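1. okay, here's the prediction I keep looking at, along with the sequence it came from:
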Amino acid sequence: MATFVLKNAFVGLGSSAAWKDHTQFVRSVALTHEAETQDETAMGDNSRSSLGALKSWAVEIELNADFASTDMDEDINTKLGQTPTSGGAGYWVTISPTTAVVSATNPRYYGRGLLTSYGPVSGTVGDVATHSLSIMGVGDLNRSTTAT
């Protein structure tokens with residue numbers, strides 16, 4: 001895949017690795033993957049030196065609101081704040097640039113996260129009502145290029 005316009009990203013959300021496809025509701029998705037740095041500069045160095053440290057990832061998603069779909073409001077709302085240590089399963093997230101088969105040119109990113117923020121009702125008069133989600137990674141963000 002060369003340069004492209006993002007218009008059909010795949011987004012799956014759920015309480016286990018058996019996530020539910022929410023693609024039809026997604027208005028926007030932003031996945032960030034970061035690494036902390038630790039300064040290891042010592043006396044006598046002429047320039048700063050850094051080590052790569054812990055990684056983190058997060059997802060921001062905006063969806064068209066659909067209160068009639070149990071895959072949306074009811075399901076999402078029950079996952080707020082759940083982690084494996086609080087008795088929940090966490091919140092599985094899987095994202096691909098397109099809905100095409102996962103491949104080297106359409107990688108799948110996935111992992112377990114903590115749903116930290118859920119905006120069940122958002123919008124202004126005359127606009128489409130939306131839901132907003134903020135998910136913080138709990139563990140590694142995985143990348144796959146095989147359709148399994």
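-> Structure's in. What do you need?
2. just give me the residue right at the centre of the protein.
-> Val59 (3.4 Å; C-alpha atoms, centre = their mean).
3. measure it to Glu40 for me?
-> Noted for Val59: a distance of 31 Å to Glu40, by C-beta to C-beta, to the nearest Å. Heads up, the C-betas are built off the backbone N, CA and C, glycines and all.
4. the residue nearest to the centre of the chain and Ile95 touch, don't they?
-> Yes. With contact defined as C-beta atoms under 8 Å, Val59 reaches Ile95; the gap is 7.0 Å.
5. what do those two both touch?
-> By C-beta atoms under 8 Å, 6 or more residues apart in numbering, Val59 and Ile95 have these common neighbours: 29, 31.
6. do you know how far Pro107 is from Leu141?
-> Computed as C-beta to C-beta, the Pro107 to Leu141 distance reads 11 Å.
7. these two: who's more crowded?
-> More neighbours surround Leu141 than the other of Pro107 and Leu141, with 21 against 16 (other C-beta atoms under 10 Å).
8. what's across from the nearest residue to the more buried one once chain neighbours are set aside in the sheet?
-> Counting by C-beta to C-beta, 6 or more residues apart in numbering, Leu141 lies nearest to Trp57, which is 4.1 Å off, once chain neighbours are set aside. Counting by DSSP bridges, Trp57 is bridged to His33.
9. number of nearby residues for Trp57?
-> By the measure other C-beta under 10 Å, the count of residues near Trp57 is 20.
10. ok, which stretches of the chain are strands?
-> Taking DSSP state E to define them, one finds strands in the chain at 10-14, 20-21, 26-39, 50-64, 91-96, 108-122, 130-137, 142-144.
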